[in-house]
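Participant: Sharing a model that was predicted from the sequence below.
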Amino acid sequence: MSQMTIILSINSDNPQPRLISQVVAMLRQGAVICYPTDTVYGIGCDIFNQKAVKRIYQLKQRSKDKPFSFMCADLKDLSTYCHVSNLAYRLMKKNLPGAYTFILPTAKIVPKILTTKQKTVGIRVPDNRICQALIRELGNPILTTSAVAADDDQAASEPFEIEQRLGKQIDLIIDAGSVFPAPSTIISLINDDIEVLRHGKGEINHLV
């Protein structure tokens, strides 16, 4: 991809189809992008582009035994990428789209680089129209991790901060205005045991 980071302003309420298509074309070519979610600005790529996935591991200086989560556009996509029990489906239907990451047993279609040794994956369905539009047009999930460099500990809330911090390490930044960073709530649903692994933006009172 290009050495120069592209910054693209997209309307968060009504994402312009032409601009969504432009971003998706770059994702298909292996781009690493920065985009808004309902919790933070995230960094991601097409989960099936191994070269791009490896770039994000390198950018975050993350061990391969700590896989990244990925985003689906809506609930009906989840059964393609993970095994969803009746209990898990009911719980997720009540809470998605929303600020949750659910840990579930992986399906074979998911690249091994994104699964744990226990064969689980983290999946999000964010309450964000830009994310949903990108995933629908791409036709498969997008990797998601916070837009924080390995040597930084504070997530940025503004696109210009991300450009300053990450510079040429990413190919495109979607500017959708300010996103006040608040991590998702992580919930494991393995073996139908509901376990809150991290309490973030998503409420948990009705879950436990």
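Facilitator: Received, thanks.
Participant: So what pairs up with the spatially most central residue of the chain in the strands?
Facilitator: Among the residues of the chain, the one closest to the centroid is residue 144, at 2.4 Å (CA atoms, centre = their mean). Using DSSP bridges, the bridge partners assigned to residue 144 are residue 69.
Participant: residue ranges of the strands in this protein, please?
Facilitator: Under the criterion DSSP state E, the chain contains strands at 6-9, 33-36, 41-44, 69-71, 100-105, 120-124, 142-146, 172-175, 185-188, 195-198.
Participant: Reformat the ones you listed into CSV and put distance to residue 154 and mean pLDDT next to each item.
Facilitator: Placement of C-beta: from N, CA and C, glycine included. Rendered in CSV, the data for the strands of the chain read as follows (distance: least, CB to CB, whole Å; pLDDT from 0 to 100):
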stretch, distance to residue 154, mean pLDDT
strand 6-9, 21, 95
strand 33-36, 15, 97
strand 41-44, 12, 96
strand 69-71, 20, 98
strand 100-105, 20, 98
strand 120-124, 21, 97
strand 142-146, 10, 97
strand 172-175, 17, 97
strand 185-188, 20, 97
strand 195-198, 17, 96
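Participant: among the ones you listed, which is the most enclosed?
Facilitator: When neighbours are counted by mean count of other CB atoms under 10 Å, the highest per-stretch mean among the strands of the chain falls to strand 41-44, a mean of 27.
Participant: How about residues contacting that strand?
Facilitator: Strand 41-44 is contacted by residues 32-36, 56, 59-60, 70-71, 142-147, 155-157, 159, 162, 166, 170, 179, 181 when judged by CB atoms under 8 Å, 6 or more residues apart in numbering.
Participant: would a markdown table of the strands of the chain with distance to residue 92 be doable?
Facilitator: As requested, those are arranged in a markdown table below (distance: least, CB to CB, whole Å):
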| stretch | distance to residue 92 |
| --- | --- |
| strand 6-9 | 31 |
| strand 33-36 | 22 |
| strand 41-44 | 20 |
| strand 69-71 | 13 |
| strand 100-105 | 6 |
| strand 120-124 | 9 |
| strand 142-146 | 16 |
| strand 172-175 | 26 |
| strand 185-188 | 9 |
| strand 195-198 | 14 |
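Participant: What helices and strands are in contact with the helix or strand bottoming out on mean pLDDT in the chain?
Facilitator: Taking mean pLDDT, DSSP states H and E as the measure, the chain has helix 159-166 as its least confident helix or strand, at a mean of 91. Judged by 3 or more CB pairs under 8 Å, 6 or more residues apart in numbering; DSSP states H and E, the packing partners of helix 159-166 are strand 33-36, strand 41-44, strand 172-175.
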